[in-house]
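>>> predicted coordinates and the sequence they were generated for:
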Amino acid sequence: MELGSSALHDHLNEKCGIFGVFAPGEDVARLTFFGLHALQHRGQESAGIATTDGKRLNLYADMGLVSQVFTEDALAALPGRAAIGHTRYSTTGSSTRGNAQPFHLKGMHGEMAIAHNGNVVNADVLRSDLASTGTMFDTSSDTEVIGRLLIDGPGEDWPERFGQLMRRANGAYSLTILTHDAVYAVRDPLGIRPLCIGRLNGQGWVFASETCALDHLGAEYIRDVRPGEVVRADGEGLTSFFPLSAEDGGMPGQTTDQDQALCLFEFIYFARPDSRISGQLLHPARMRMGARLSEEHPVEADVVIGVPDSATAAAIGYAQASGIPYAEGLVKNRYVGRTFIQPDQRLRDRGVQLKFNPLREVLAGKRVVVVDDSIVRGTTTPRVVKMIRDAGATEVHMRMASPPITHPCFYGVDMATRGELIAANLSVDEIRDHIGADTLGYLSIEGTVWAANIGEGQHCTACFTGKYPSAVPLQFDKFALEGGSEVPDHEIPMARTEPVVVPLTLR
Ligand code: AMP
């Protein structure tokens, strides 16, 4: 994201997909293209691929969808035996070619390309520290700060510099990194964003934000990269180490003693339903959310529909558990919002109708339960409710497969500031009136955690609870201190500790 306090008032918008592959003899650029294609839902603004043949790094990145950015010619100019890739999402403000990743960085420790999913909360502090010792920056991105720490920062070797990164950076960073001889896959010590490892054709290795990318390539899922782990794929195979020792005490600014803080919103909205995170396939997890929602907020109705695509599984779960028939009531144009052609004012006024088309035959004369995954600002939902009423529904019962979102995300999900979050400012009854529904019910936090099924204390619930797993700069948000985490004045130790090297167990 852009650095500086003003950015905290802008959209936090780094929902991204990352990929990496080490596979000598394969067309690694093409594999990365298809990996990114499978991760397109995580970001539609820009796409990029970096490759290496062992001698030099090649990079191509531009604004647009993966399929718009890469032509056969572009892929042909990316030879190599290893590659990384990135798809980036962003709203207004930072929509520039210069922010398209991967970034290519040269420094005193050599050369690398880096792709990042997440957001580092204290990047501006780290940047000033590095700048004060002479490091030059090309962008205002937190990804470059991470990259500069690794390529220009203190520490003689990679393990030591990864240790410095993990000791100093507070926030979310799943990374793929390309050097001349290796691909690294890294997750921050709290494991906020996902990242997984796959085996390709029995000889290569792939890393991806979500397992759906492995499935499309025919790669075998091995396991997730663990929180605080660095996995290295090179000519010798796969090795892994945890740069922080137990004495390091977790992530800088960590506010709880939990050892993981996987983003619960990945389960609710973000990731694809055919992806597996922390061992859980998301489609059934979302069905459980819907089933639990029907227990917590039952209603008499004729039909259950979902707001496509993210709430479809939850709607099916609601219908099955309640016994009310499920039907498709809204058809989504999947390509809306994924084009550079901006609608003119007349079309913009039609708002949500550019995105959804209601099926009048399903809705007319019916009492309709509408399941959606979440309400963020409350801009779209009233239009959806109106559209369903206009199509003839006699009652509209909105059911949300997540708790009210009351706090902003500092770890990389595109949400709003606290002032813009409708549930931070209005009660459930007031939101019901605002969206124009007959009734409104939200899934409880206990129900959401139960449905995700990844264990107590293993996830970040900050957007629902204000309990951030690390210190966040809440002083920039005038609403946030009620119920939010304090910001401890933490000193981040710089002492070197030996990395803990563990062998990877591979099938
Ligand atoms: P709104 O009523 O404007 O808050 O919009 C609610 C819709 O936004 C729901 O259908 C969600 O699926 C969708 N949504 C939730 N989170 C996000 C996000 N981070 N980016 C884009 N859309 C989202």
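In hand now; what should we look at?
>>> distance check, L264 against A393.
Note on L264: its distance to A393, by Cβ to Cβ, to the nearest Å, is 31 Å. Any C-beta I mention is one placed from the backbone N, CA and C, and that applies to glycine too.
>>> kindly report the same for F241.
Counting by Cβ to Cβ, the gap from F241 to A393 is 57 Å.
>>> looking at these two, which is more packed in?
A393 (27 against 20; other Cβ atoms under 10 Å).
>>> nearest residue to the residue of the stretch 51-200 of the chain found nearest the ligand other than its sequence neighbours?
In the stretch 51-200 of the chain, no residue comes nearer to the ligand than Y89, which is 8.1 Å away by Cβ to the nearest ligand atom. Among residues not flanking Y89 along the chain, G43 sits closest, at 3.5 Å (Cβ to Cβ, 6 or more residues apart in numbering).
>>> which pLDDT value belongs to the one you found?
Predicted confidence (pLDDT) for G43: 90.
>>> ok, it touching R88?
Yes: G43 is within contact range of R88, at 4.5 Å (criterion: Cβ atoms under 8 Å).
>>> need the residues touching each of these two.
C16 (Cβ atoms under 8 Å, 6 or more residues apart in numbering).
>>> which neighbours does the one helix or strand T239 maps to have in its sheet, and in what orientation?
Element membership of T239 [criterion: DSSP states H and E] is strand 237-242. Using DSSP bridges, strand 237-242 pairs in its sheet with strand 230-234 (antiparallel), strand 500-502 (antiparallel).
>>> select from these the stretch with the lowest mean pLDDT.
strand 500-502 (a mean of 31).
>>> measure how buried the residue of the stretch 51-200 of the chain closest to the ligand is and give me the count.
20.
>>> and what of G237?
Neighbours around G237, by other Cβ under 10 Å: 12.
>>> show me what contacts the residue nearest to Y89?
Applying Cβ under 8 Å, 6+ apart, the residues near G43 are 15-17, 86-90.
>>> so can I have CSV of these showing pLDDT and secondary structure?
Listed next are the contacts of G43 as CSV, based on pLDDT from 0 to 100; DSSP: H, G, I helix; E, B strand; the rest coil:
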residue, pLDDT, secondary structure
K15, 75, coil
C16, 93, coil
G17, 97, strand
H86, 98, strand
T87, 95, strand
R88, 90, strand
Y89, 80, coil
S90, 63, coil
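>>> max pairwise distance over these: which two?
Taking Cβ to Cβ, the two most distant members of these are G17 and S90; they sit 13.0 Å apart.
>>> neighbour count: the two, which is higher?
The neighbour comparison of G17 against S90 (other Cβ under 10 Å) goes to G17, with 30 against 23.
>>> gap between S444 and A74?
48 Å.
>>> same deal with T439?
For T439 relative to A74 (Cβ to Cβ), the value is 51 Å.
>>> A471 too?
The spacing between A471 and A74, counted by Cβ to Cβ, is 42 Å.
>>> tell me which of the two has more neighbours.
Legend: neighbour count by other Cβ under 10 Å for A471 and A74, higher for A471 (22 against 15).
>>> what is the burial count for the nearest residue to that one once chain neighbours are set aside?
Nearest residue to A471, sequence neighbours excluded (Cβ to Cβ, 6+ apart): G253, at 3.5 Å. Neighbours of G253 under the rule other Cβ under 10 Å: 20.
>>> hmm, L359 is touching L330, no?
Yes: with contact defined as Cβ under 8 Å, L359 reaches L330; the gap is 7.1 Å.
>>> higher neighbour count, those two?
L330 (22 against 14).
>>> phi first, then psi, for that one.
Torsion angles at L330 (phi, psi; degrees, to the nearest 10) stand at phi -130, psi 130.
>>> residues near the residue nearest to it when sequence neighbours are not counted, how many?
Once flanking residues are discounted, L330 sits nearest to F356: 4.5 Å by Cβ to Cβ, 6+ apart. The burial count assigned to F356 is 20, neighbours taken as other Cβ under 10 Å.
>>> next one: F356 from the ligand, what distance?
From F356 over to the ligand the distance is 10 Å, taken as Cβ to the nearest ligand atom, to the nearest Å.
>>> contacting residues around that residue?
Residues near F356 by Cβ under 8 Å, 6+ apart: 307-308, 330-333, 384, 387.
>>> could you list which of those belong to helices?
Among the contacts of F356, the residues falling in helices (DSSP state H) are 384, 387.
>>> what does this structure have sitting close to the ligand?
Along the chain, the residues adjacent to the ligand under the rule Cβ under 6 Å from any ligand atom are 269, 307, 310, 372-381, 413-415.
>>> the closest residue to P325 other than its chain neighbours bridge partners, please.
Leaving aside its sequence neighbours, P325 sits nearest to V303 (Cβ to Cβ, 6+ apart; 5.7 Å). Applying DSSP bridges to V303 gives these bridge partners: V368.
>>> is it true that V303 touches G365?
No: V303 is beyond contact range of G365, at 10.3 Å (criterion: Cβ under 8 Å).
>>> next, the distance between the ends of stretch 290-308.
14 Å (Cα to Cα, to the nearest Å).
>>> begin at 76 from here
Noted, 76 is the first residue going forward, which turns the last one into stretch 365-383.
>>> in that stretch, which residues are buried?
For stretch 365-383, burial by neighbour count (16 or more other Cβ atoms under 10 Å) applies to 365-369, 372-374, 376-383.
>>> from those, pick the one nearest P154.
P383 (40.0 Å).
>>> not counting its neighbours along the chain, what's nearest the closest one?
Counting by Cβ to Cβ, 6+ apart, the residue nearest P383 is K407, at 4.2 Å.
>>> for Y259, same thing?
I252 (4.1 Å).
>>> who are the packing partners of the helix or strand hosting the one you found?
Taking DSSP H and E as the criterion, I252 maps to strand 249-253. With contacts defined as 3 or more Cβ pairs under 8 Å, 6 or more residues apart in numbering; DSSP states H and E, strand 249-253 has these neighbours: strand 92-97, strand 121-127, strand 157-163, strand 185-192, strand 257-262.
>>> which other helices and strands does the last one contact?
When contacts are defined as 3+ Cβ pairs under 8 Å, 6+ apart, strand 257-262 packs onto strand 92-97, strand 157-163, strand 249-253, strand 279-283, strand 305-309.
>>> so T314 sits against I272, correct?
No: in this structure, T314 is not within contact of I272 by Cβ under 8 Å, at 11.9 Å.
>>> neighbour count: the two, which is higher?
I272 (27 against 15).
>>> H116 and the ligand, how far apart?
11 Å.
>>> also R367?
18 Å.
>>> if I look at that residue, how far off is G110?
Distance of R367 to G110, computed by Cβ to Cβ: 33 Å.
>>> before we move on, what about L289?
8 Å.
>>> which residues are in contact with each of these two?
Joint contacts of L289 and G110 (Cβ under 8 Å, 6+ apart) are 281, 283.
>>> I am finished for the moment; much appreciated.
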